[in-house]
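Peer 1: need a structure here:
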Amino acid sequence: MISKNNLGKTFQSLKDELSSKVFENTELAKEKMTQFFEQGMPPAQSEAFQAVLNGVIGDHLERNNSRLASRMAFSDQNQTLSDSATVLSTQLPDASSRIILCVHGWCMADKGWQRKGHDMGQSLASSGYTPIYLRYNTGNHISLNGEEFAFRLEKLVQAWPCEVTELVIIGHSMGGLVTRSACHYAEENQLGWLSVLQTFITLGTPHNGAPLAQLACWIDDLVANTPQLKLIQKIGEIRSSGTKDLSKGYTQHIDWQQRDSEDEQVVDDLPFSRPILPVNTHCYAIATCLGKNLKDDNNRRLGDGLVPVKSALGESTKGVMALAYPEENKWVAGGINHLDLLSHPRVIAKVKEWVLLNTIDHPSRFMALK
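Peer 2: The predicted structure follows:
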């Protein structure tokens, strides 16, 4: 039997090891960190802690079937939603034919949409939409999450208590890339939900990638605000598969498979193709700057503190073609940081404006999914 004293010594030893040169080897760091939290932390963890931990080493947690690995699911923020029609009708007795689906960003979870008294999904409930939220492991490859998302959404829509006539998806940060990936795999596999995807909006999504230095600073800030993680220094130096994909804007399996099979630096310097935006869907992109002068090049390069403006708008850059958002479907605001994209009144107002502009009043125009 392991005594409390021995456990304490093991915990301290792992802590010291994690705070030293173990970070020189990413895979070893992931293994040691998993061991650290599995042995030293109590079973129940806060959502914020688990979300950050998954963003950092979620791929390793899932490979090892860790109790700390986040599993993909849909929720209404009160309960995990079933893909059984009978159960779902009991869970959502007042479900409407219009769904608004919010997809969170890196190192976050479904309840992260509740911020400063606002919730993007709930803000549209009064307009006849039923808000739901995706929860997923942000440390996994974006394309793996996207493909699983595509098939899970198909099951959910087929099990929905009434015929779905309109689907709106809002993706924050990595959530926009995961959604673009899901649309790609839905098209590839001829899934039905894509035919009712009316509006797709991204908020600060790094379509062209995000600088690794800014991602590391972002992690350090999150760690500073997560008590269970404060004792780990330089956590931003560990790169999960999801982090690497986020830094490049990868949304397909081939992107990271090529990188893993060849010299990473060589592959990083090569252009890569990316799927186009979903056709027959109104697609929009929102970018913000920390500074209020939107014409200042430095402000635009810094963007919201994590994602440069050019990347958030999917504009052309070295080796990457533009995503071709119509100019009227792009919006840039100043004085708003990456997290405040979730709750800033100006952002919420713009999202509502776009969603309601495309609201469908005639369900007969859409193909039935059942």
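
Peer 1: Which parts of the stretch 151-300 of the chain are strands?
Peer 2: 166-172, 197-203, 282-289 (DSSP state E, counting those that start in this stretch).

Peer 1: Go through those and name the closest to residue 321.
Peer 2: strand 282-289 (15.1 Å; CB to CB). C-beta here means a position set from N, CA and C on the backbone, and glycine is covered the same way.

Peer 1: which residues are in contact with that closest one?
Peer 2: 198-205, 207, 277, 299-300, 302-304, 307, 309, 312-314, 323, 325, 329-338, 340-341, 347, 350-351, 354, 357-358 (CB atoms under 8 Å, 6 or more residues apart in numbering).

Peer 1: could you redo the last one with a cut-off of 6 Å?
Peer 2: The contact list for strand 282-289 (CB atoms under 6 Å, 6 or more residues apart in numbering) reads 199-203, 277, 299, 303-304, 309, 312-314, 325, 329-334, 336, 354, 358.

Peer 1: Derive a ChimeraX selection command for the buried subset of those.
Peer 2: Here is the ChimeraX command that selects only those of these that count as buried (16 or more other CB atoms under 10 Å):
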select :199,200,201,202,203,277,299,303,304,309,312,313,314,325,329,330,331,332,333,334,336,354
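
Peer 1: pLDDT weak spots in this structure?
Peer 2: Per-residue confidence of the chain (counting by pLDDT under 70) places the weak regions at 1-29, 32-33, 35-45, 223-224, 226-237, 260-272, 361-370.

Peer 1: And residue 278, how far from residue 130?
Peer 2: Separation of residue 278 from residue 130 (CB to CB, to the nearest Å): 21 Å.

Peer 1: With residue 220 instead?
Peer 2: In terms of CB to CB, residue 220 sits 37 Å off from residue 130.

Peer 1: So for the two, which residue has more residues nearby?
Peer 2: residue 130 (21 against 14; other CB atoms under 10 Å).

Peer 1: Who is that one paired with across the strands?
Peer 2: Note on residue 130: beta-bridge partners by DSSP bridges are residue 99.

Peer 1: Burial check on residue 126, number of neighbours?
Peer 2: 7.

Peer 1: Could you shift the numbering so residue one becomes 10, and keep it that way?
Peer 2: Yes, from this point I'll number from 10; that puts the last item at residue 135.

Peer 1: Correct me if wrong, but it is in a helix.
Peer 2: Yes - counting by DSSP: H, G, I helix; E, B strand; the rest coil, residue 135 is part of a helix.

Peer 1: that older thread, which of the contacts of strand 291-298 fall in helices?
Peer 2: 308, 318, 321, 363 (DSSP state H).

Peer 1: Show residues contacting stretch 159-170.
Peer 2: By CB under 6 Å, 6+ apart, stretch 159-170 touches 83, 92, 94, 97-98, 101, 104, 173, 191, 194-195, 200, 202, 378.

Peer 1: From the ones in helices among the contacts of strand 291-298, pick the one nearest residue 111.
Peer 2: residue 363 (14.5 Å).

Peer 1: I'd like to know how far that closest one sits from residue 335.
Peer 2: In terms of CB to CB, residue 363 sits 12 Å off from residue 335.

Peer 1: Kindly report the same for residue 105.
Peer 2: 28 Å.

Peer 1: quick one, which of those two is more surrounded?
Peer 2: Using other CB under 10 Å as the criterion, residue 105 and residue 335 rank with residue 105 on top: 18 against 9.

Peer 1: residues in contact with that one?
Peer 2: The contact partners of residue 105, by CB under 6 Å, 6+ apart, come to 137, 139.

Peer 1: Would you list the phi and psi of it?
Peer 2: phi -100, psi 180 (degrees, to the nearest 10).

Peer 1: Could you do residue 111 as well?
Peer 2: The phi/psi pair for residue 111 (degrees, to the nearest 10) is phi -100, psi 130.

Peer 1: I figured it hits residue 179, correct?
Peer 2: Yes - counting by CB atoms under 6 Å, residue 111 touches residue 179, with 5.1 Å between them.

Peer 1: Look up the residues that both of the two are in contact with.
Peer 2: Common neighbours of residue 111 and residue 179 (CB under 6 Å, 6+ apart) are residue 129.

Peer 1: Between those two, which is the more surrounded one?
Peer 2: When neighbours are counted by other CB under 10 Å, residue 111 and residue 179 differ, and residue 179 comes out ahead with 29 against 25.

Peer 1: how far away is the residue nearest to residue 39 when sequence neighbours are not counted from residue 355?
Peer 2: Excluding its sequence neighbours, the residue lying closest to residue 39 (CB to CB, 6 or more residues apart in numbering) is residue 69, at 3.8 Å. Distance, residue 69 to residue 355, by CB to CB: 39 Å.

Peer 1: ok, the two, which is more surrounded?
Peer 2: The residue with more neighbours, out of residue 69 and residue 355, is residue 69; 22 against 15, by other CB under 10 Å.

Peer 1: hang on, that one is in a helix, isn't it?
Peer 2: Yes - Residue 69 forms part of a helix when assessed by three-state DSSP.

Peer 1: roughly how far apart are it and residue 62?
Peer 2: 10 Å.
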